[in-house]
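Q: Please find the sequence and the predicted model below.
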Amino acid sequence: MSAWRLTLKAAPALRVDLRGIAPDKLAGLALADVEKLPVGHGNRLEPLAEFFRIEAAADDTLTFDGDLSRFDRIGWQMASGRIEVNGHAGHYAAGCMSGGSLAIHGNAGLLAACEMAGGSLTIDGNVDDFAASTLPGSMDGMRGGSLVVKGDAGARFGDRMRRGTALVFGNAGDFLASRMVAGTIAIGGSTGAHAGYGMRRGSVLFAGAAPEPSPTFVPAIASADVIWQLLARDVARHGGPFEGLAGRRIDRCLGDLSAGGKGELIFVR
């Protein structure tokens, strides 16, 4: 069985590392075995049942109920199945994920979807800094899959992003798409300073308030009507501030020339 409902008993004194608690890892385990699974709590390992009341569920979803702000690495290296969090989540949510889906009905902490390679992460609330980016010391950020943030995003969203699609319905912080290599980012609200800093390739779409591009980005001369229609329809299917994009006109800037970049900033009119 891989369908379980875990209800938080009380907020832990220290942060808890939930790596390894994923549907594909729990498949076929009995209740007693799930309760004994070790999770990191500070510098110790504790059984999962120390923090959650665990019961079998009828659907095919691993469900967490409660405020999991102190619980990190939910969906870490997840390859298949579905996780649903009815509350906030901690740091590294969906980090290094390669398949399946994770839905967070609240906020998420730092480094959500870091080095994500596949699958989907949906966050109903806000996400902290370095979402869809790289782990410290690594060269590549998000590498595939889909990230949808229905609230706001912090700084360095999409840092070193290499592939995939990342959408923010609300506002984004400073250094959006910094050092971006490829992929697509779409922002529905306003954006902080230095968007596209060090950008090499990829597309950043601004459906809301357009930021002032850096002097190292230059206006595009060539038309991109056909490519824009394909991109607009793909993003518009998520709704919200991106609905109806295909019927709107755009301006584009190319750069970051200071890094020899050929990326594009797309401003929707």
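A: Looks like it arrived, so ask away.
Q: what comes into contact with stretch 258-269?
A: Stretch 258-269 is contacted from outside by 177, 179-180, 195-196, 198-207, 210, 213, 216-217, 220, 224, 228, 231, 245, 248-256, using C-beta atoms under 8 Å, 6 or more residues apart in numbering. No exception for glycine: its C-beta is placed from N, CA and C like everyone else's.
Q: The stretch 101-250 of the chain: strands as residue ranges?
A: Across the stretch 101-250 of the chain, reading from the start of the chain, the strands by DSSP state E, counting those that start in this stretch fall at 101-104, 120-123, 143-149, 163-168, 184-187, 203-206, 218-219, 250-255.
Q: Make CSV out of the ones you listed and add mean pLDDT, distance to R156 and mean neighbour count.
A: CSV is the format used below for the strands of the stretch 101-250 of the chain (pLDDT from 0 to 100; distance: least, C-beta to C-beta, whole Å; neighbours: other C-beta atoms under 10 Å):
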stretch, mean pLDDT, distance to R156, mean neighbour count
strand 101-104, 98, 20, 24
strand 120-123, 98, 16, 25
strand 143-149, 98, 14, 22
strand 163-168, 98, 12, 25
strand 184-187, 98, 12, 28
strand 203-206, 98, 13, 24
strand 218-219, 97, 24, 10
strand 250-255, 97, 18, 19
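Q: Just put those in a markdown table and tack on distance to L62.
A: Putting the strands of the stretch 101-250 of the chain into a markdown table (distance: least, C-beta to C-beta, whole Å) gives the following:
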| stretch | distance to L62 |
| --- | --- |
| strand 101-104 | 9 |
| strand 120-123 | 14 |
| strand 143-149 | 18 |
| strand 163-168 | 23 |
| strand 184-187 | 29 |
| strand 203-206 | 33 |
| strand 218-219 | 48 |
| strand 250-255 | 41 |
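Q: Now the terminal residues of stretch 246-254, how far apart.
A: Stretch 246-254 stretches 21 Å from its first residue to its last (C-alpha to C-alpha, to the nearest Å).
Q: roughly how far out does it sit from the chain middle?
A: Relative to the chain's own centre, stretch 246-254 is displaced by 25 Å; criterion: C-alpha atoms, centre = their mean, to the nearest Å.
Q: How about stretch 69-77?
A: The offset between the C-alpha centroid of stretch 69-77 and the centroid of the whole chain comes to 13 Å, using C-alpha atoms, centre = their mean.
Q: same check, this time on stretch 11-25
A: Averaging C-alpha coordinates over stretch 11-25 and over its chain gives two centres that are 18 Å apart (C-alpha atoms, centre = their mean).
Q: likewise stretch 234-250?
A: Between the mean C-alpha point of stretch 234-250 and the mean C-alpha point of its chain there is a distance of 20 Å (C-alpha atoms, centre = their mean).
Q: End to end on that stretch, go ahead and measure it.
A: Stretch 234-250 has an end-to-end distance of 16 Å (C-alpha to C-alpha).
Q: Buried residues, it. List them.
A: With burial defined by 16 or more other C-beta atoms under 10 Å, the residues of stretch 234-250 counted as buried are V235, A236, H238, P241, F242, L245, I250.
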